[in-house]
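In: only the shape, not the letters, is given here:
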């Protein structure tokens, strides 16, 4: 049994839907779907219905695109909770469900922790307020669509929502590790946004980093005994090691970003064993 991962499927693009349709069934394996499957509930529903029968278990975390809301649509926390309920109807685990244990063939057990932390603009230059950070990015011609489409209701700001999500996630992780005692080797932390500022490197649009995470998570890989940290969002798939912990960025991305790859199979990253 393997733990596999992919994120940023963006199935609003027909080419990406074909990639998802072509993924081979792995009926004994778990699959992490790391957010940004699309912008509409029907995008998420289609992915769950397409991939659910092919894997033993699916786990989902939200990206920013799932949280985009047009006028008249549910926004903020209400939109997120609607996505959670959609996942639950399909038997898919979310950041609101008990963290499962993944057991490898060697007998080791890992707590797999789907998380939702959002961002708070703190990946910008030190000392900048969120307003100053957005203005700094705008100087370089960069404005994230989240500024118009990702509403934090009922929180006053996205950074307030981020603070609440981080506090909630920290407590759940603490409790899970305490309950696991000595039975678990460690954790697999799963979050759409990278947990470390130094991993949010975007050579073509460097100032976009302010929409990429929060410094509140900077020590989570150490505090919560991470064996692997899985994320997406950057659309730059790869593996890095920090403090002896493996960080996997598992994005598919937009068609122009993946079409140079020769096959579909490697797009599913093996996380464990």
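Out: Sure, I can see it. If you're wondering where the values come from, they're calculated on a predicted model, not measured in any experiment.
In: neighbouring contacts of the longest helix along the chain?
Out: Looking across the chain with DSSP state H, the single longest helix is helix 158-180. Helix 158-180 is contacted from outside by 76-77, 95, 99, 101, 109, 111, 113, 115-121, 130, 146, 150, 152, 155, 184, 187, 189, 214, 216-217, 220, 223-225, using Cβ atoms under 8 Å, 6 or more residues apart in numbering. C-beta: built from backbone N, CA, C; applies to glycine.
In: now list the buried members of those.
Out: Buried members of the contacts of helix 158-180, counted by 16 or more other Cβ atoms under 10 Å: 76-77, 95, 99, 111, 113, 115-121, 130, 146, 150, 152, 155, 184, 187, 189, 214, 216-217, 220, 224-225.
In: which of the residues you listed fall within helices?
Out: 76-77, 130, 146, 220.
In: which stretches of the stretch 51-200 of the chain have low pLDDT?
Out: Applying pLDDT under 70 to the stretch 51-200 of the chain flags the ranges 181.
In: which SS state does the residue nearest the centre of the chain fall under?
Out: Against the mean C-alpha coordinate of the chain, by Cα atoms, centre = their mean, the closest residue is residue 192 at 1.7 Å. Under the three-state scheme (DSSP: H, G, I helix; E, B strand; the rest coil), residue 192 adopts coil.
In: how about it, what does it touch?
Out: Each residue near residue 192 by Cβ under 8 Å, 6+ apart is listed here: 7, 34-36, 61-64, 116, 231-233.
In: what of residue 108?
Out: Each residue near residue 108 by Cβ under 8 Å, 6+ apart is listed here: 185, 273.
In: now swap in residue 225 and tell me
Out: Residue 225 makes contact with 177, 186-187, according to Cβ under 8 Å, 6+ apart.
In: quick one: end-to-end distance for stretch 222-230.
Out: Its start and end residues considered, stretch 222-230 measures 14 Å (Cα to Cα, to the nearest Å).
In: at which residues are the strands of the stretch 151-273 of the chain located?
Out: Using DSSP state E, counting those that start in this stretch, the strands of the stretch 151-273 of the chain run over 186-190, 226-231, 238-242, 245-249, 269-272.
In: now do the fourth one, average pLDDT.
Out: Which is strand 245-249. Averaging pLDDT along strand 245-249 gives 97.
In: which residues are in contact with it?
Out: By Cβ under 8 Å, 6+ apart, the residues outside strand 245-249 that reach it are 5, 194-196, 199, 221-222, 226-232, 234, 236-241, 269, 271.
In: mind doing that once more with 10 Å?
Out: Strand 245-249 is contacted from outside by 5, 7-8, 32, 34, 186, 188-190, 194-196, 198-200, 220-222, 225-241, 269-271, using Cβ atoms under 10 Å, 6 or more residues apart in numbering.
In: of those, just the buried ones, ChimeraX syntax please.
Out: Listed next is the ChimeraX selection for buried residues among the contacts of strand 245-249, using 16+ other Cβ under 10 Å:
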select :5,7,8,32,34,186,188,189,190,194,195,196,199,200,220,221,225,226,227,228,229,230,231,232,233,234,235,236,237,269,271
